[in-house]
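A.B. asks: I would like the atomic coordinates for the input below:
(one chain, ligands or ions: 1)
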Amino acid sequence: MTSTAFRDHEEVAFFRDPHSGLKAIIAVHSTALGPACGGVRFHAYGNEQEAIDDVLRLSAAMSLKSALAGLPLGGGKSVIIGDPGKDKTPALLAAFGRAVECLGGRYIAAEDVGMSPSDIAIVGGETRHVAGLDQGPSASGDPSPVTARGVWRGIEVAVRHRLGRNTLEGMTVGVLGLGHVGGALAGLLSDAGARLVVADIAEERCRTVADRCGARIVDVDVLVGERLDVFAPCALGGILNAETVGQLEAPVVAGAANNQLADETIADALHARGILYAPDFAINAGGIVNVAAEIAGNYDRAAVMRRVDRIGDTLDEIFLRAAREGRSPHFVAVDLAQERLDAARAARQQTL
Ligand code: NAD
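C.D. replies: Residues are numbered from 1 along each chain as shown. This next block holds a predicted model:
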């Protein structure tokens with residue numbers, strides 16, 4: 001395999017099921033801290049290489065995310081190649097469940113773009129290695145509102161660091177992508193008194209948020225260049241690239257999307273422009289914190305929310321260290337997570 005995104009992955013498995021049409025990849029980046037947990041992304045990739053690159057980057061980011069959040073979980077991710085609107089059938093989801101089962105618990109599947117808790121329940125008919133279920137003794141349900149809460153807390157901290165403001169009242173926040181997380185985030189920001197500018201390729205989602213929160217709707221291509229205090233990417237990855245960094249007017253970028261940076265040089269470009277970037281894998285950890293409580297078998301919503309609020313403390317630490325060291329918060333967050341991963345790997349070596 002020649003993917004540039006392949007970095008120390010423990011295991012990458014390809015699955016095909018001709019009967020249901022399943023084409024899927026499961027990537028286990030690290031199990032040093034625990035079983036590799038991460039969402040299942042159902043997406044119409046242009047080609048297989050795109051899918052491979054995506055799953056490898058996403059699974060590596062999950063290792064960093066869980067390590068930084070102090071969870072006993074490793075990093076993994078899976079992709080199902082296809083159009084969820086057309087190709088998603090119970091038979092295909094069941095076949096995917098059997099694929100997850102093949103890995104014997106080294107990978108635990110949860111929800112991601114293109115999947116819902118009810119889809120995960122079908123996958124869970126074939127394997128117990130799923131999380132983010134709606135029903136069951138320790139079910140945690142849709143992680144998205146919890147992710148949104150962590151992002152909202154993170155935006156508060158970023159605004160305090162970069163703009164010296166202790167409230168979001170009157171701040172203009174641009175939310176790109178109004179799906180499960182972006183829609184919930186828009187509600188939280190609006191309740192906190194922020195003015196919203198929103199964009200999504202799905203027009204009806206924009207209208208729903210505009211009706212509920214009085215948001216101004218703009219085209220997806222222009223939001224990044226709007227006069228904003230905060231730009232919150234909540235759609236797909238790669239939104240921060242050489243082109244968009246030059247267009248950004250917002251002094252803060254803080255949102256839910258995974259893999260927002262097209263590549264790591266973009267972190268330096270943001271830093272050079274004085275734009276404070278909240279590392280995606282730090283600010284969007286709410287969902288995995290929620291799922292981790294379900295996996296631990298003692299789901300307690302109030303305890304989860306307290307833990308999610310600590311995402312703000314983690315970001316505070318990252319921003320302070322970044323300011324002290326004069327570098328992008330992205331690299332500080334990677335270092336912090338990597339230190340925890342390296343320590344866990346070393347401890348595991350000693351017990352082998
Ligand atoms: P979702 O599928 O519910 O929502 C994504 C939204 O983005 C949709 O409304 C879609 O129409 C819109 N969109 C897609 N392409 C777009 C484009 N080019 N421009 C503008 N809008 C576009 O997904 P979600 O669960 O809300 O997740 C959003 C992001 O947050 C993803 O990157 C996901 O990986 C990340 N994330 C989600 C969670 C979670 O708990 N769901 C946790 C961590 C990270």
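A.B. asks: looks like Ala91 contacts His19 (just checking).
C.D. replies: Yes: shown here, Ala91 and His19 form a contact pair, counting by Cβ atoms under 8 Å, at 6.9 Å. Using the backbone N, CA and C atoms, a C-beta is placed for each residue, glycine as well.
A.B. asks: which one's more surrounded, these two?
C.D. replies: Higher neighbour count among Ala91 and His19: Ala91, with 13 against 8, using other Cβ atoms under 10 Å.
A.B. asks: what sits against that one?
C.D. replies: Neighbour list for Ala91: 19-20 [criterion: Cβ atoms under 8 Å, 6 or more residues apart in numbering].
A.B. asks: so which helix or strand takes in it?
C.D. replies: Secondary structure from DSSP states H and E places Ala91 in helix 90-102.
A.B. asks: so where's the protein shaky on pLDDT?
C.D. replies: Where the chain drops to pLDDT under 70, the residues are 1-5, 352.
A.B. asks: could you pick out the longest helix of it?
C.D. replies: Counting residues, the longest helix found in the chain (DSSP state H) is helix 301-325.
A.B. asks: ok so, going back, mind listing what's buried along the helix holding Ala91?
C.D. replies: Buried residues in helix 90-102, counted by 16 or more other Cβ atoms under 10 Å: 92-97, 99-101.
A.B. asks: contacts with the ligand among those residues, please.
C.D. replies: Among these, no residue lies close to the ligand (Cβ under 6 Å from any ligand atom).
A.B. asks: any chance of these in a markdown table, plus distance to Thr172?
C.D. replies: Formatted as a markdown table, the buried residues of helix 90-102 follow (distance: Cβ to Cβ, whole Å):
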| residue | distance to Thr172 |
| --- | --- |
| Leu92 | 42 |
| Leu93 | 41 |
| Ala94 | 46 |
| Ala95 | 46 |
| Phe96 | 41 |
| Gly97 | 44 |
| Ala99 | 45 |
| Val100 | 42 |
| Glu101 | 48 |
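A.B. asks: right, and the pair among the residues you listed with maximum separation?
C.D. replies: Maximum pairwise distance among these (Cβ to Cβ): 15.1 Å, between Leu92 and Glu101.
A.B. asks: burial count for the residue of the stretch 101-250 of the chain found nearest the ligand?
C.D. replies: Closest to the ligand within the stretch 101-250 of the chain is Gly179: 1.7 Å, counting by Cβ to the nearest ligand atom. For Gly179, the neighbour count with other Cβ under 10 Å is 17.
A.B. asks: tell me the contacts of it?
C.D. replies: Residues in contact with Gly179 (Cβ under 8 Å, 6+ apart) are 113, 144, 200, 205, 234-235.
A.B. asks: now, which of those sits nearest Ser59?
C.D. replies: Among the contacts of Gly179, and counting by Cβ to Cβ, the member closest to Ser59 is Val113, at 14.7 Å.
A.B. asks: does the nearest residue to that closest one once chain neighbours are set aside sit in a helix, a strand or a coil?
C.D. replies: In this structure, Val113 finds its nearest non-sequential neighbour in Arg41, 5.2 Å apart by Cβ to Cβ, 6 or more residues apart in numbering. Secondary structure, DSSP: H, G, I helix; E, B strand; the rest coil: Arg41 is strand.
A.B. asks: ok, Arg41 touching Lys77?
C.D. replies: Yes: using Cβ under 8 Å, Arg41 is in contact with Lys77, at 7.1 Å.
A.B. asks: any common contacting residues for these two?
C.D. replies: 55, 58, 112.
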